[in-house]
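**Q** From the sequence below, what's the structure:
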Amino acid sequence: MSVDPVAHPTAWHRLDAWLARLRPHRRGLALTIDAATVFLCWNATYLFRLGFERWLRVRPDYDPWVIAGIVVAYAAAFLLLRVPQGLWRFSGFGEVKRLALACALAGTVSAVVVMGLGLVKVPRAVLALHPVVTLMGVVLVRMAYRMLYEHARQRITGSDREIRRALVLGAGGAARRLLAGIHQHGWVVLGLLDDDPAKQGASIAGVPVLGTLEAVRDAAVRGAATHVIVALPTATAAQRRRALALAADSGLPVVTVPGEDELRTGRGRLERLREIEPDDLLGRAPVVLDEAGVGALVRGRTVLVTGAGGSIGSELCRQLAALSPGRLVLVELSEFNLYAVDEDLAARSPGVARVPLVGDVKDAARMQALMQAWRPAVVFHAAAYKHVPLMEHHNALAALRNNTLGTQVTARAAAEAGAEAFVLISTDKAVNPTNVMGATKRAAEMVVSALAAQHPATRFVAVRFGNVLGSSGSVIPKFKEQIARGGPVTVTHPEIIRFFMTIPEAARLVLQAAAIGGSGQVMVLDMGEPVKIADLARQLIRLAGHTPEEIRIEYTGLRPGEKLYEELLADADDTLPTAVPRLRVARLAARGVDDPAMQALGYLLVLADAAQDAEDAAVRASLHAAVPEYRPAGDAPR
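**A** Residues are numbered from 1 along each chain as shown. As a prediction, the model looks like this:
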């Protein structure tokens, strides 16, 4: 019979866990220990003054009452100077000064009262020495505790960092395996929480189940915990979302074990805890690939990815590499990004042939040459400028050249090289665009549609999705940086909402669209309910263990080209279902070659190709002619 590995914490782990359970009562215990020290030091002073033969025999009958009064006097002085509130493990010279003042105050008052009451049988030397001996006693107690704590910390963590004490949400198999290794990484687990009634009151490896998940909100249950660990890798998205919400309410920093997908693919180990990632926050079941269809498209064939070093492009390369392509051609303008993605793929998928190429999608000669040289069967076009405010002013021509002209150059070169499929990565900002970036991406979709009619041998597909959590320039990394700096967290508007998806989910959608999309189609993901950005910021603040008072949210106003909400389909558009749930086809209004917008698109591409410098206003005017639904932010309703 196989037995799951179970952790056997050391005596130091058990000692720290025991001390942690006492810590909620720290002030009362500290005062009690100090009172006991005052009592012992009174007797030690008598012993020092009178010796072993006389220290008990010559005491007056009222000495117990004197001792009781002196203990009360010292306790009052300690309370007055807030001595019990000090943390013994951090005791230093400041604490010694406060203790000296308290002992001097209590000793003086005690001596005055004893002499004033005429209690002459109490030796004056004892009254004089007792404050000094008491000071030595209370300081030694604190020194001993600090030495014990620091030694335990060294034995538990292997370094000088603070001991991390955790409550674990989940008491199933994942928690059991977590306990088998987490102690080796400097953690002490104080307790487990689980909603299963059968587990209440149980114990795993000596760690008790303290209650349901809701109990994490109880300060008495949290005790001295410094972190909350979510150990529910196989839970549904809704269950994980609830667990994260409860953990955030604890006021402690929250970490999690890797998800089921990470464990399955070997990208994570249970005891290797990580911070909360965008995938954890989305709270939605990810898109599931039609493995057979996508595999047939990619396996053993040459696949080319532009923008291969970007957030979406690099994840797309990782997922493609897992499908065993014959060759993966990486095209990227940034030398560093190209190097980084190539090194990452070499470590993850060493058996996949890679061709890293520095290339600019606007360079027609370069794109034609590399397409002809490598003859890709499938091209994924992820290269784009995507930062809305940055593209809005002084960079409109650059956005037009990269996003629209670059798409035409790359798509045409792919078709002329005999590519079977060309997939454009588009955005929800292409719907009723109010900014240059969105208008250039809508124009790129129109380019793909036009080329589909000119090159019937190649399937041209566009994929449109919302904001990608965790991508470069997205809100999650920005918010995390601001929280790490102590705030404020900047949000443009309290009511701004966005559709969100994770980077792996976006890459899966692109792969799926490549497998099932028809030529000239725009594929759209049913992304469920949009997310309010301010709520997302609040959740990240709470998951980092902070309160809104500690890190505030600052509203900065809508940025140039930004609107309160994004759409995945324009009002006049319709959608058709596909064989993949939540993946639909946008049925866009057809435009013939004689359509004024298509003619304007031709002029727009000529402008993008020929112009080396153009005013933003001229670019916007040309974009509006080609994309009639484009309304610059100043003209668009919000």
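
**Q** burial count for residue 491?
**A** Residue 491 has 22 neighbouring residues, counting by other CB atoms under 10 Å. C-beta here means a position set from N, CA and C on the backbone, and glycine is covered the same way.

**Q** any idea how far it lies from residue 40?
**A** Going from residue 491 to residue 40 by CB to CB, to the nearest Å gives 58 Å.

**Q** same deal with residue 504?
**A** 63 Å.

**Q** Who has more neighbours out of those two?
**A** Taking other CB under 10 Å, residue 504 and residue 40 do not tie; residue 504 has more neighbours (19 against 13).

**Q** Leaving out the residues flanking it, which one is nearest to that one?
**A** residue 315 (6.0 Å; CB to CB, 6 or more residues apart in numbering).

**Q** can you pull the pLDDT of that neighbour?
**A** The score at residue 315 is 90. That number is its pLDDT.

**Q** need the helices for the stretch 351-500 of the chain, in chain order.
**A** 364-374, 388-392, 396-399, 406-416, 436-454, 475-484 (DSSP state H, counting those that start in this stretch).

**Q** ok now the first one, how far from the chain's centre?
**A** If I follow you right, that is helix 364-374. Here helix 364-374 is found 40 Å from its chain centre; the criterion is CA atoms, centre = their mean, to the nearest Å.

**Q** Which strands and helices lie in contact with that helix?
**A** Packed against helix 364-374 by the contact rule (3 or more CB pairs under 8 Å, 6 or more residues apart in numbering; DSSP states H and E) you find strand 302-306, strand 327-332, helix 406-416.

**Q** now with 6 Å?
**A** When contacts are defined as 3 or more CB pairs under 6 Å, 6 or more residues apart in numbering; DSSP states H and E, helix 364-374 packs onto helix 406-416.

**Q** what pLDDT, on average, does the helix it packs on get?
**A** Mean per-residue pLDDT for helix 406-416: 95.

**Q** least trustworthy helix or strand in the chain by mean pLDDT?
**A** helix 260-265 (a mean of 50; mean pLDDT, DSSP states H and E).

**Q** Give the next helix or strand downstream of that helix.
**A** The helix or strand immediately downstream of helix 260-265 is strand 274-275, counting by DSSP states H and E.

**Q** For that next one, name the packing helices and strands.
**A** Strand 274-275 packs on no helix or strand, going by 3+ CB pairs under 6 Å, 6+ apart.

**Q** Can you add mean neighbour count and distance to residue 426 and give the helices of the stretch 351-500 of the chain back as JSON lines?
**A** Formatted as JSON lines, these follow (neighbours: other CB atoms under 10 Å; distance: least, CB to CB, whole Å):
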{"stretch": "helix 364-374", "mean neighbour count": "17", "distance to residue 426": "19"}
{"stretch": "helix 388-392", "mean neighbour count": "21", "distance to residue 426": "14"}
{"stretch": "helix 396-399", "mean neighbour count": "22", "distance to residue 426": "14"}
{"stretch": "helix 406-416", "mean neighbour count": "24", "distance to residue 426": "9"}
{"stretch": "helix 436-454", "mean neighbour count": "25", "distance to residue 426": "5"}
{"stretch": "helix 475-484", "mean neighbour count": "17", "distance to residue 426": "20"}
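
**Q** Quick check: which of these is nearest to residue 194?
**A** helix 475-484 (28.9 Å; CB to CB).

**Q** Could you identify the helix or strand that succeeds the helix or strand harbouring residue 606?
**A** Element membership of residue 606, judged by DSSP H and E, is helix 596-610. As assigned by DSSP H and E, the chain's next helix or strand after helix 596-610 is helix 616-626.

**Q** Hey, what's the angle from that next one to helix 436-454? Just curious.
**A** Orientation check (axes from the mean of the first three to the mean of the last three CA atoms, to 10 degrees): helix 616-626 against helix 436-454 gives 40 degrees.

**Q** In contact with the residue nearest to residue 375 when sequence neighbours are not counted, which residues?
**A** Distance criterion CB to CB, 6+ apart; nearest residue to residue 375, sequence neighbours excluded, is residue 417 at 5.5 Å. Each residue near residue 417 by CB atoms under 6 Å, 6 or more residues apart in numbering is listed here: 371, 372, 375.

**Q** now do residue 408
**A** 447, 605.

**Q** Let the chain start at 84 from now.
**A** Sounds good: first residue 84 from here, last item residue 491.

**Q** can you give me phi and psi for the residue nearest to residue 458?
**A** phi -90, psi 0 (degrees, to the nearest 10).

**Q** Check the gap between it and residue 439 for me.
**A** Taking CB to CB, one finds residue 500 at 19 Å from residue 439.

**Q** do the same with residue 459
**A** 14 Å.

**Q** which of those two has more neighbours?
**A** residue 459 (27 against 20).

**Q** If you drop the residues flanking it in sequence, what lies closest to the more buried one?
**A** Closest residue in space to residue 459, ignoring its immediate chain neighbours: residue 387 at 3.8 Å, by CB to CB, 6+ apart.

**Q** and the one you found, what is it in contact with?
**A** Contacts of residue 387 by CB under 6 Å, 6+ apart are 412, 459, 462.

**Q** Recalculate using a threshold of 8 Å.
**A** 412, 414, 453, 454, 457, 459, 461, 462, 463, 497 (CB atoms under 8 Å, 6 or more residues apart in numbering).

**Q** Tell me the spacing between the nearest residue to the fifth one once chain neighbours are set aside and residue 468.
**A** For residue 457, ignoring the flanking residues on the chain, the nearest one in space by CB to CB, 6+ apart is residue 412 at 5.1 Å. The span separating residue 412 from residue 468 equals 22 Å under the rule CB to CB.

**Q** More neighbours: those two, which one.
**A** residue 412 (25 against 19).

**Q** Wait, that one touches residue 436, no?
**A** No: if you go by CB atoms under 8 Å, residue 412 and residue 436 don't touch, sitting 9.4 Å apart.

**Q** Which neighbours do these two have in common?
**A** With CB under 8 Å, 6+ apart, residue 412 and residue 436 have no common neighbours.

**Q** As CSV, the contacts of residue 387 with distance to residue 430 would be great.
**A** Converted to CSV, these look like this (distance: CB to CB, whole Å):
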residue, distance to residue 430
412, 19
414, 21
453, 25
454, 28
457, 23
459, 24
461, 24
462, 25
463, 21
497, 29
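
**Q** any idea which of these is the one closest to residue 606?
**A** residue 463 (13.1 Å).

**Q** Contact partners for the closest one?
**A** Residue 463 touches 386, 387, 388, 389, 396, 399, 403, 506, 508, 593, 597, counting by CB under 8 Å, 6+ apart.

**Q** From the residues you listed, pick the one nearest residue 213.
**A** Looking across these and measuring by CB to CB, the closest to residue 213 is residue 396, at 75.8 Å.

**Q** Please name every helix or strand in contact with the helix or strand the closest one falls within.
**A** Using DSSP H and E, residue 396 sits in helix 394-404. On a contact count with 3+ CB pairs under 8 Å, 6+ apart, helix 394-404 meets strand 385-389, strand 410-415, helix 418-431, strand 461-464, helix 586-599.
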